[in-house]
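1. the amino acid sequence is not available; the structure is as follows:
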């Protein structure tokens with residue numbers, strides 16, 4: 001009897017931890033991936049030479065196999081080569097979601113309305129689709145220098161965004177309805193066109209409070225903004241400094257206004273880093289008699 005109970009317990013444990021095939025997506029294609037959910041953590045891995053998550057939306061709704069299940073965190077393994085479309089719609093993750101460095105493109109609505117504060121993008125990504133992160137709850141995004149096409153942050157909770165000079169074009173309405181956005185750092189050669197789009201009653205208030213930092217010629221940045229329909233915005237001259245994977249942005253008075261990126265090495269600060277992080281320190285001299 002005891003042996004039977006033990007065997008059943010082992011089998012139950014095995015079945016609970018077993019990988020499940022992602023199955024056939026809504027386009028009728030087999031998604032080359034497997035997934036499992038253990039203690040609220042969804043882990044997805046690729047199958048075959050081209051692990052892909054598939055496309056999971058049609059007229060009847062969003063049908064990803066993990067949709068509606070108890071998911072609190074998400075792990076995407078490096079064997080996934082393609083995030084597909086709408087695979088992580090409404091997904092919930094208490095921790096930041098890390099996109100593996102096997103990914104080069106973040107596709108259509110990949111993380112639409114994802115409930116997580118941060119999504120970490122690797123420096124393998126070159127293209128972020130126009131709807132990749134729309135209406136997600138992210139508050140922070142670090143855009144690596146590898147990205148050339150940028151978009152898809154409509155309705156997010158982003159506060160400060162630093163667009164690297166590598167970005168050639170920002171999709172239309174990329175930052176539409178980002179009501180918490182306080183600053184956008186951009187270069188003079190990045191193509192923009194209606195990247196902001198607010199309801200009429202929101203436009204004046206949000207653009208009035210938004211600071212545009214230009215890492216190049218402010219006259220060119222201002223001309224780009226005017227051509228895009230935002231003539232009321234005037235850019236502020238900014239300089240940047242990169243140290244150990246972090247970009248530090250300074251305004252025209254030399255004040256540190258925002259940062260982007262994560263330190264590549266967790267170690268004691270160098271003198272250069274310490275001077276940047278500490279900022280200016282006011283000191284006084286005391287004279288004794």
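-> Sure thing, it's come through. This one's a predicted model, so the numbers in the text were calculated from it and none came from an experiment. Numbers count the residues shown, from 1 in each chain.

2. every contact and neighbour count from this point should use C-alpha atoms.
-> Will do.

3. all helices for the stretch 101-250 of the chain, in order.
-> With DSSP state H, counting those that start in this stretch as the criterion, the stretch 101-250 of the chain has helices at 200-208, 218-227.

4. out of those helices, flag the one nearest residue 153.
-> helix 200-208 (15.7 Å; Cα to Cα).

5. how far away is residue 28 from residue 214?
-> 46 Å (Cα to Cα, to the nearest Å).

6. in terms of neighbours, single out the busier of those two.
-> The residue with more neighbours, out of residue 28 and residue 214, is residue 214; 27 against 11, by other Cα atoms under 10 Å.

7. tell me what the more buried one is bridged to.
-> Residue 214 has the following beta-bridge partners by DSSP bridges: residue 186, residue 237.

8. give me the spatial nearest neighbour of residue 144, chain neighbours excluded.
-> Once flanking residues are discounted, residue 144 sits nearest to residue 123: 5.3 Å by Cα to Cα, 6 or more residues apart in numbering.

9. and what of residue 107?
-> In space, residue 107 comes closest to residue 129 once its chain neighbours are excluded; the distance is 5.2 Å by Cα to Cα, 6+ apart.

10. any weak-confidence spans in the stretch 51-200 of the chain?
-> 59-61, 199-200 (pLDDT under 70).

11. spit out the contact partners of residue 57.
-> 26, 63-64, 85-86 (Cα atoms under 8 Å, 6 or more residues apart in numbering).

12. which of those has the largest number of neighbours?
-> Neighbour counts for the contacts of residue 57 (other Cα under 10 Å) peak at residue 86, which has 24 neighbours.

13. excluding chain neighbours, what is closest to it?
-> Spatial nearest neighbour of residue 86, excluding adjacent residues (Cα to Cα, 6+ apart): residue 110 at 4.4 Å.

14. and that neighbour, what does it touch?
-> When the contact criterion is Cα under 8 Å, 6+ apart, the partners of residue 110 are 83-89, 131-133.

15. over to residue 87?
-> 53-56, 64, 110-111.

16. and if we set it to 6 Å?
-> 56, 64, 110 (Cα atoms under 6 Å, 6 or more residues apart in numbering).

17. ok, residue 140 to residue 93 distance?
-> Applying Cα to Cα to residue 140 and residue 93 gives a distance of 14 Å.

18. wait, what's in contact with the residue nearest to residue 107?
-> With Cα under 6 Å, 6+ apart, residue 129 has these contacts: 106-108, 151-152.

19. still on that earlier bit, reformat the helices of the stretch 101-250 of the chain as a markdown table; add distance to residue 71 and mean neighbour count.
-> What follows is the helices of the stretch 101-250 of the chain, written out as a markdown table (distance: least, Cα to Cα, whole Å; neighbours: other Cα atoms under 10 Å):
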| stretch | distance to residue 71 | mean neighbour count |
| --- | --- | --- |
| helix 200-208 | 35 | 13 |
| helix 218-227 | 41 | 18 |
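
20. of the ones you listed, which shows the lowest average pLDDT?
-> Among those, helix 200-208 has the lowest mean pLDDT, at a mean of 73.

21. any idea of the mean pLDDT for stretch 244-262?
-> Stretch 244-262 shows a mean pLDDT of 94.

22. distance between the ends of stretch 50-66?
-> End to end - Cα to Cα - stretch 50-66 spans 20 Å.

23. what does stretch 122-130 give?
-> Length of stretch 122-130, first residue to last, Cα to Cα: 18 Å.

24. ok, now stretch 101-109?
-> Stretch 101-109 has its terminal residues 19 Å apart, counting by Cα to Cα.

25. so how far is that stretch from its chain's centroid?
-> Mean-position distance between stretch 101-109 and its chain equals 11 Å (Cα atoms, centre = their mean, to the nearest Å).

26. now do the contacts for residue 105.
-> Contact analysis of residue 105 by Cα under 6 Å, 6+ apart lists 125, 127-128.

27. what about it, distance to residue 155?
-> Distance, residue 105 to residue 155, by Cα to Cα: 21 Å.
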